[in-house]
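Colleague: Pasted the sequence and its predicted model underneath.
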Amino acid sequence: MPTIIEEQTISFSKIVTKKMEESGNMTDAELARKINWAYPEIAIAVTTIGKIKNYEYNLSHGKPNLANYSPNLAHVAAICKVLGIDKVTGLDANASIGMEQPETRKAIGPEQMKNAPALIEDPADLAFRGYVGNSFDFFFLGTVPGRQELVCGTMKLSADEKDKICGIEINIKKSEHNEAEFDKTYVGKMVISKIQQACYCTLVSKDRDRDKPLAEICSIVFHHQDYNSGALEARLGLAATVSAGGKHRPTCHRALICREGLAGKGEEERRFIESLLRMDEQEVIISEENFNEIAGKEDFADIMGIIKTRAMSVKPYYVIPDSDVLNAEKYGAISHLKCMETLFLLKEKSIARRNDKISETDDDIAREYLLCAKGKK
């Protein structure tokens, strides 16, 4: 039986869903954007709206970190005011919960939304809360052909009060055996788009030797989330750059940004990070040989048996959606942590690429085919 608080949250969830449907099927992102414009001190995330709307389902299915979720009063009050909800069980929607009354705030309308900055650069903006002033560990898989080892570094975000921008500096370690030595330094700025829910970082190489300039520009984009308190802990991003080594080719790869010291330095943590950085599409394609190798491990025999019954066999490979691995706990006495560990093992042994590179052959094929096709007409 649900508790009183759970029943109230379920009731609120249904009211919010109905109101959003009545407002022209308003999306979670649209509601979050309106709340953050009207009440920037609340800084509600799109994922929070989703948790509220899906609360009853997640509660009944025991979803980790969601079943125990309970919206705070500030979020409830802001949602009520923006959607025009008069009253929710046990809550006066007009109560002042860390917010000014509506009559002292600007109305939310097309003109106000239009005048809001589409791209946010000023680090004093609430969108930068949880990012600016923090240092992070930075990981990616190297792009030198045949030597694509895990590359480690640091990323710092700082406020430039003079230019009113969020400065970013990334230092890449030259050698994992000498942590004080860095091979490359990149500097630039981070801009946030609340509309696209993205952080855009543009960086330029900082030359240490004027006679040997690196002359490199790269971009990194990762998902933006608002923070009431706390800071960014871990996020995967995508980098656009050129490959290292003798031949520099346009390349994109994943990058892991995480709170300083959050990722350990042991072999197990290293393998976990490498598996996260593989370029897959939310499914694992793994050879039968590697699948059977993991299934042969005593600690993973039960869960691999469950996964095998749901995997699609395309000899000599298995195709396994990530969701099937993470949901294996539904079909046996298996912890969510074990599901995640299994997924990382499968990704580590999968055929997923470490980066996506545009080769000379790719360029040649595009040019030759288009010229030949044009000549036929």
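Modeller: Received the coordinates, thanks.

Colleague: Report the buried residues of the strand or helix carrying Ala74.
Modeller: Ala74 is part of helix 73-83 when elements are defined by DSSP states H and E. For helix 73-83, a neighbour-count test (16 or more other Cβ atoms under 10 Å) marks Ala74, His75, Val76, Ala77, Ala78, Ile79, Cys80, Lys81, Val82, Leu83 as buried. Heads up, the C-betas are built off the backbone N, CA and C, glycines and all.

Colleague: which SS class is Tyr186?
Modeller: strand (DSSP: H, G, I helix; E, B strand; the rest coil).

Colleague: which residues touch it?
Modeller: Glu169, Ile170, Ile172, Leu203, Val204, Ser205, Lys206, Glu216, Cys218 (Cβ atoms under 8 Å, 6 or more residues apart in numbering).

Colleague: Can you show me the strands along the stretch 1-150 of the chain?
Modeller: 87-88, 91-92, 119-120, 135-141, 150-160 (DSSP state E, counting those that start in this stretch).

Colleague: The third one: partners in the sheet, and parallel or antiparallel?
Modeller: Partners of strand 119-120 in the sheet, by DSSP bridges, are strand 182-193 (antiparallel).

Colleague: Can you check what angle separates the strand it pairs with from strand 150-160?
Modeller: 50 degrees (axes from the mean of the first three to the mean of the last three Cα atoms, to 10 degrees).

Colleague: Tell me which helix or strand comes right after strand 182-193.
Modeller: Past strand 182-193, the next helix or strand by DSSP H and E is strand 198-205.

Colleague: residues making contact with that following strand?
Modeller: Contacts of strand 198-205 (Cβ under 8 Å, 6+ apart): 131, 168, 170, 184-193, 213-224, 237.

Colleague: mind listing what's buried in that strand?
Modeller: Buried residues in strand 198-205 (16+ other Cβ under 10 Å): Cys199, Tyr200, Cys201, Leu203, Ser205.

Colleague: can you list those residues in CSV and add distance to Gly246?
Modeller: Listed next are the buried residues of strand 198-205 as CSV, based on distance: Cβ to Cβ, whole Å:
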residue, distance to Gly246
Cys199, 33
Tyr200, 30
Cys201, 27
Leu203, 23
Ser205, 18
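
Colleague: and which of these is nearest Ile306?
Modeller: Cys199 (37.2 Å; Cβ to Cβ).

Colleague: Now do the helix holding Ala74, average pLDDT.
Modeller: What helix 73-83 shows for mean pLDDT is 85.

Colleague: From the contact counts, what lies against it?
Modeller: Secondary-structure packing of helix 73-83 (3 or more Cβ pairs under 8 Å, 6 or more residues apart in numbering; DSSP states H and E): helix 4-22, helix 28-38, helix 46-53, strand 91-92.

Colleague: in this structure, what secondary structure element scores lowest on mean pLDDT?
Modeller: strand 91-92 (a mean of 45; mean pLDDT, DSSP states H and E).

Colleague: In the helix or strand containing Ile303, which residues are buried?
Modeller: With secondary structure defined by DSSP H and E, Ile303 is part of helix 301-310. Neighbour counts over helix 301-310 (16+ other Cβ under 10 Å) mark Asp302, Ile303, Met304, Ile306, Ile307 as buried.

Colleague: then that helix to CSV, C-alphas only?
Modeller: C-alpha atoms of helix 301-310 as CSV (Å, rounded to 0.1, in the frame of the first residue of the first chain):
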residue,chain,number,x,y,z
ALA,A,301,26.7,-17.1,-15.0
ASP,A,302,23.1,-16.4,-13.8
ILE,A,303,22.7,-13.0,-15.4
MET,A,304,24.4,-14.0,-18.6
GLY,A,305,21.9,-17.0,-18.8
ILE,A,306,19.0,-14.5,-18.6
ILE,A,307,20.6,-12.2,-21.2
LYS,A,308,21.2,-15.0,-23.6
THR,A,309,17.4,-15.9,-23.7
ARG,A,310,16.7,-12.3,-24.8
